[in-house]
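Engineer: have a look at this fold, sequence not included:
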């Protein structure tokens with residue numbers, strides 16, 4: 001699929017399988033998600049721009065490459081996006097963070113916004129939107145649309161799981177936004193859940209029902 005990056009590293013796939021298991025505890029699920037997000041961060045940030053600075057090693061001066069983490073913004077779709085956010089911040093602690101509060105109407109499955117807070121000067125920044133599941137795509141579509149209003153340099157979407165329906169919906173609405181995911185599952189069920197999936201990511205992260 002165009003602009004869908006499947007992160008199939010063995011460690012990513014191993015941890016995802018452990019997370020899918022319905023017997024995984026809340027503590028285990030949360031820990032695995034944090035570790036998996038850290039691993040995915042390496043792939044998602046592979047093309048980040050770098051610059052050279054002058055430093056001094058114990059032996060001599062040299063020019064060496066660094067990234068400017070302050071130019072990167074992680075945008076977490078509440079509430080489940082927080083699980084991926086923590087892991088990514090462990091890898092890029094200098095990044096700024098934005099939050100979008102969305103919930104899915106159980107009858108229409110459409111996204112309803114209740115919170116929106118972003119860093120300043122978004123037009124100078126690269127944005128990575130994080131949410132564990134790209135299912136119907138409605139929440140991701142709404143989140144990307146709101147972020148685009150601020151005119152960032154680029155936008156990527158990172159999710160643990162997606163499915164053909166979610167990919168098609170996001171690419172129809174935002175064909176310029178690449179998707180990074182650890183798995184493309186079979187389909188959606190009638191309630192908008194990914195099959196075989198891993199259940200409701202937010203409930204499993206926070207131990208709620």
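Structural biologist: Sure thing, it's come through. Computed from a predicted model, the values in this text were never measured in an experiment.

Engineer: please make it C-alpha for all contacts and neighbour counts, starting now.
Structural biologist: Fine.

Engineer: show me the contacts for the most far-flung residue of the chain relative to its centre.
Structural biologist: Distance to the chain centre peaks in the chain at residue 59, reaching 40.5 Å (criterion: Cα atoms, centre = their mean). Residue 59 makes no contacts at all, as judged by Cα atoms under 8 Å, 6 or more residues apart in numbering.

Engineer: one more: residue 142?
Structural biologist: residue 111.

Engineer: give me the residue at the spatial middle of the chain.
Structural biologist: Closest to where the C-alpha atoms of the chain average out (Cα atoms, centre = their mean) is residue 130, at 2.3 Å.

Engineer: bridged to that residue, which residues?
Structural biologist: Taking DSSP bridges as the rule, residue 130 bridges to residue 76, residue 158.

Engineer: cool, and residue 5?
Structural biologist: Per DSSP bridges, the residues bridged to residue 5 are residue 180.

Engineer: didn't it look like it was pressed against residue 179?
Structural biologist: Yes - using Cα atoms under 8 Å, residue 5 and residue 179 qualify as a contacting pair, with a distance of 6.0 Å.

Engineer: so what's in contact with those two at the same time?
Structural biologist: Common contacts of residue 5 and residue 179 (Cα under 8 Å, 6+ apart): none found.

Engineer: which one of the two has more residues nearby?
Structural biologist: residue 179 (24 against 16; other Cα atoms under 10 Å).

Engineer: pretty sure that one sits against residue 161.
Structural biologist: No - the pair residue 179 and residue 161 does not pass the contact test of Cα under 8 Å, sitting 10.5 Å apart.

Engineer: wait, isn't the residue nearest to the centre of the chain in contact with residue 159?
Structural biologist: Yes - counting by Cα under 8 Å, residue 130 touches residue 159, with 6.1 Å between them.

Engineer: what helices or strands is the longest helix belonging to the chain leaning on?
Structural biologist: Scanning the chain for the helix with the most residues, using DSSP state H, yields helix 26-44. Identification of packing neighbours for helix 26-44 by 3 or more Cα pairs under 8 Å, 6 or more residues apart in numbering; DSSP states H and E yields helix 10-20, helix 81-91, helix 201-206.

Engineer: okay, the ones you listed, which one's buried deepest?
Structural biologist: Of the helices and strands packed on helix 26-44, the one with the most neighbours on average (mean count of other Cα atoms under 10 Å) is helix 81-91, at a mean of 22.

Engineer: quick one, it and helix 26-44 angle?
Structural biologist: Orientation check (axes from the mean of the first three to the mean of the last three Cα atoms, to 10 degrees): helix 81-91 against helix 26-44 gives 60 degrees.

Engineer: low-scoring pLDDT stretches of the protein, where are they?
Structural biologist: Low-confidence segments of the chain, defined by pLDDT under 70: 1-2, 69-70.

Engineer: count of neighbours near residue 167?
Structural biologist: Residue 167: 22 neighbours (other Cα under 10 Å).

Engineer: list the contacts for it?
Structural biologist: Shown in contact with residue 167 (Cα under 8 Å, 6+ apart): 134, 137, 179.

Engineer: could you do residue 63 as well?
Structural biologist: Residue 63 sits in contact with 52, 53, 54, 55, where contact means Cα under 8 Å, 6+ apart.
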